[in-house]
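*Asks:* when you get a sec, could you give me coordinates for this:
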Amino acid sequence: MEATAPSVTVKDASSGKGQGLFADADIKKGAFVAEYTGTKVDSKEADAMKSKYLFEIDDEWTIDAEHGGSVARYINHSCDPNTEAEIVDLPAPRPNTFFVYVIECENGAMYIGQTQNLLKRWNEHTTGRGAEYTSKYRPRGIVHSEEYSSREEAVAREKWLKTGFGRKWIKREIKAGRLPVRSTQTGARQAGGRIIISAIKKITEGEEITIDYGDEYFDEFIRPHGCRCGAKKHH
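*Replies:* Okay, here's the model as predicted:
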């Protein structure tokens with residue numbers, strides 16, 4: 001099994017479901033699968049949109065992944081899903097606070113950087129403006145971040161994480177489940193929601209990755225045509 005979440009493939013799903021997202025290797029329970037990214041729109045405006053790729057963060061913001069969203073938008077609904085979504089906030093910028101971050105890209109590689117505004121930098125990466133590498137290999141999510149009180153500390157940590165020893169440490173800690181987004185300072189404010197999708201059961205190689213989008217989505221997009229997810233019990 002890979003040390004990080006394995007790569008995924010978009011391909012035709014079962015009849016009537018269009019395309020879907022499939023695992024290229026076994027994914028263990030609890031592992032990060034992908035991040036649902038796209039354009040952030042006002043939730044009130046989203047209520048009037050016809051897109052089926054809307055994912056609400058909260059009453060204020062919704063993610064529209066119809067155009068330029070991550071591969072997570074290809075995850076089909078299932079009444080017996082193998083993943084679930086969690087809303088995770090990014091820390092807001094603060095004086096004398098510098099972030100080192102690790103992004104997992106769609107090809108499984110890790111992009112490592114440092115910034116004083118993690119939310120702004122993440123938005124740049126997801127829209128293809130952050131770096132040449134992340135514009136070519138779209139970000140799947142921030143798998144780790146750290147905070148430091150000086151630019152010098154952050155730059156030094158970034159340089160070490162980019163070494164062979166640093167990258168091996170990242171992979172080892174992710175595999176062991178010891179690498180959450182962490183902070184070395186207290187009192188961090190939060191700003192901006194991220195939609196993190198993780199496995200709630202083991203997903204075997206070749207299996208379609210699915211999620212339960214909830215009653216509202218089911219009633220609007222699935223019930224009128226009949227659910228084809230294959231579960232024994234439906235909404």
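
*Asks:* where does the residue most central in space within the chain sit, in terms of helix or strand?
*Replies:* Among the residues of the chain, the one closest to the centroid is residue 35, at 1.3 Å (C-alpha atoms, centre = their mean). Under the criterion of DSSP states H and E, residue 35 resides in strand 32-36.

*Asks:* residues contacting the least confident helix or strand in the chain by mean pLDDT, please?
*Replies:* Ranked by mean pLDDT, DSSP states H and E, the weakest helix or strand in the chain is strand 190-199, scoring a mean of 73. With contact meaning C-beta atoms under 8 Å, 6 or more residues apart in numbering, strand 190-199 is reached by 27-37, 55, 57-58, 61, 63, 72, 75, 82-93, 119, 122-123, 141-142, 211. C-betas here are computed from N, CA, C, even on glycine.

*Asks:* so what strands line up beside that strand?
*Replies:* strand 32-36 (antiparallel), strand 83-91 (antiparallel) (DSSP bridges).

*Asks:* just these: most buried one?
*Replies:* Highest mean neighbour count of those: strand 32-36, a mean of 24 (counted as mean count of other C-beta atoms under 10 Å).

*Asks:* buried ones in the very next helix or strand once past that strand?
*Replies:* For strand 32-36, the succeeding helix or strand toward the C-terminus, using DSSP H and E, is strand 39-42. Judged by neighbour count using 16 or more other C-beta atoms under 10 Å, the buried positions of strand 39-42 are 39, 40.

*Asks:* domains in the chain, by residue range?
*Replies:* 8-89+194-222, 93-188 (automatic domain parsing).

*Asks:* show me where this protein has helices.
*Replies:* With DSSP state H as the criterion, the chain has helices at 43-46, 118-126, 132-136, 151-161, 164-175, 215-217.

*Asks:* can I get those in a markdown table including mean neighbour count and distance to residue 198?
*Replies:* Output for the helices of the chain, formatted as a markdown table (neighbours: other C-beta atoms under 10 Å; distance: least, C-beta to C-beta, whole Å):
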| stretch | mean neighbour count | distance to residue 198 |
| --- | --- | --- |
| helix 43-46 | 13 | 24 |
| helix 118-126 | 20 | 18 |
| helix 132-136 | 14 | 21 |
| helix 151-161 | 16 | 23 |
| helix 164-175 | 15 | 12 |
| helix 215-217 | 12 | 19 |
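
*Asks:* can I get those helices in JSON lines including mean pLDDT?
*Replies:* Formatted as JSON lines, the helices of the chain follow (pLDDT from 0 to 100):
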{"stretch": "helix 43-46", "mean pLDDT": "89"}
{"stretch": "helix 118-126", "mean pLDDT": "84"}
{"stretch": "helix 132-136", "mean pLDDT": "92"}
{"stretch": "helix 151-161", "mean pLDDT": "97"}
{"stretch": "helix 164-175", "mean pLDDT": "90"}
{"stretch": "helix 215-217", "mean pLDDT": "85"}
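
*Asks:* dump the residue contacts of residue 55.
*Replies:* So residue 55 contacts 36, 38, 62, 63, 65, 85, 195 (C-beta under 8 Å, 6+ apart).

*Asks:* returning to that earlier point: model confidence over the strand holding residue 35, on average?
*Replies:* The average pLDDT within strand 32-36 is 84.

*Asks:* I appreciate the help and will end here.
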